[in-house]
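[1] here is a sequence together with a model predicted from it:
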Amino acid sequence: MSAERAFIESLKTLATDPAARGLADDCAVIEVGGETLVLTHDMMVEGVHTLPGQDAADIAWKLVTTNLSDLAAKGARPLGVLLGHMLGPDDERFAGGLREVLARYDVPLLGGDTSSGGPPRAWGLTAIGRATHRPVPSRSGARAGDTVWVTGPLGAAMAGFEALRGGTGAGSVAFRRPLACLAEGEVLAPFVTAMMDISDGLLLDASRMAETSGVTISLRSADVPIAVPEERRADALRWGEDYELLFTLPAGAEPTVSAWRIGEVRERGDAALLLDGQPPTGPLGYEH
């Protein structure tokens, strides 16, 4: 078990409120009067989630998108964000990027906090959304007989990272400035049995969905759409940061958004995840 997973397991004894969903999801879901609020928080750390010297405007953009992507997987409509910012020499560029991304999503900045510190620097963001459908989709609803889908090709962020690391920057937009599938999530929310965004790699995220749902998810690698050459398919299935939506539908149902069917849900067997009929070998995705 990774250090990240072990720490989260230790926190589950504290997260006993139903809103926390047992820490088995990316968001908290809170009933307030007649409204259902969806809240999420994500962090980025210099040198872990960013490259040395990366444009602070791009960091701000990605910080917002990663959080809004979690809301997208719940079919939630963003209400606003709270920012945690560690001060540095490029604060003006960060603020400019933040202005751009908030305008792109039409989401207000509601507040937050600033601090000195680092290196390395770290940034955090809390996103608040309103559920557009109840019950709010979770990772844990996949059932045997469901079909498995993804909203778009994988691997573009990996290619963008490699281009940026190589110094060219050409074709790096998918890594630097990804987009959250908010519209798709809102359309899908009434129909899916389970849904989450792909942030840590398709294989790892699919295995998480299978574990929390108590099922086996069987994927066909050749059916997964990829945005890189065929020889990089195995990497694209593991790399992550594409922020497409992974979701399951009841047998016979068709998605009302553009999506690719990539597998099926089975009764739980010996492995939570199968790839082309066998448990995948090696790392499934990114874990701290």
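    That came through, no problem. Residues are numbered from 1 along each chain as shown.
[2] regarding this structure, what is its longest helix?
    Longest helix of the chain, by residue count under DSSP state H: helix 56-72.
[3] tell me the helix or strand right after that helix.
    With elements assigned by DSSP states H and E, the helix or strand that comes after helix 56-72 is strand 76-86.
[4] okay, now the sheet partners of that next one, with direction.
    Using DSSP bridges, strand 76-86 pairs in its sheet with strand 109-115 (parallel), strand 122-131 (antiparallel).
[5] distance between the first one and the chain's centre?
    Read it as strand 109-115. Taking Cα atoms, centre = their mean, to the nearest Å, one finds the center of strand 109-115 at 23 Å from the center of the full chain.
[6] so for that strand, what's the average pLDDT?
    Throughout strand 109-115, pLDDT has a mean value of 97.
[7] hmm, back to that, just say which of the strands paired with strand 76-86 is most tucked in.
    Greatest average neighbour count among the strands paired with strand 76-86 goes to strand 122-131 (a mean of 21), per mean count of other Cβ atoms under 10 Å. For every residue, glycine as well, the C-beta is placed using N, CA and C.
[8] residues in contact with that one: which ones?
    The contact list for strand 122-131 (Cβ atoms under 8 Å, 6 or more residues apart in numbering) reads 29, 35-46, 59-60, 63-64, 66-68, 70-71, 74-86, 107, 110, 112, 189.
[9] just the pLDDT for the nearest residue to A174 once chain neighbours are set aside.
    Excluding its sequence neighbours, the residue lying closest to A174 (Cβ to Cβ, 6 or more residues apart in numbering) is A156, at 3.6 Å. Listed pLDDT for A156 reads 97.
[10] ok, back up a step: of the contacts of strand 122-131, just the buried ones, ChimeraX syntax please.
    Filtering the contacts of strand 122-131 down to the buried ones (16 or more other Cβ atoms under 10 Å) takes a single ChimeraX command:
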select :29,36,37,38,39,40,42,44,46,59,60,63,64,66,67,68,70,71,74,75,76,77,78,79,81,82,83,84,85,86,107,189
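[11] tell me the contacts of R143?
    Counting by Cβ under 8 Å, 6+ apart, R143 has contacts 193, 213, 215, 248, 250, 265.
[12] just to check, the first one is in contact with A253?
    In other words, T193. No: here T193 lies out of contact with A253, judged by Cβ atoms under 8 Å, at a distance of 9.2 Å.
[13] who has more neighbours, those two?
    T193 (20 against 14; other Cβ atoms under 10 Å).
[14] quick check: that one vs D58, distance?
    T193 sits at a distance of 35 Å from D58 (criterion: Cβ to Cβ, to the nearest Å).
[15] for the residue nearest to R77 when sequence neighbours are not counted, give the beta-bridge partners.
    Distance criterion Cβ to Cβ, 6+ apart; nearest residue to R77, sequence neighbours excluded, is R130 at 5.1 Å. For R130, the beta-bridge partners under DSSP bridges are L37, R77.
[16] ok, back up a step: count of residues packed around the residue nearest to A174?
    23.
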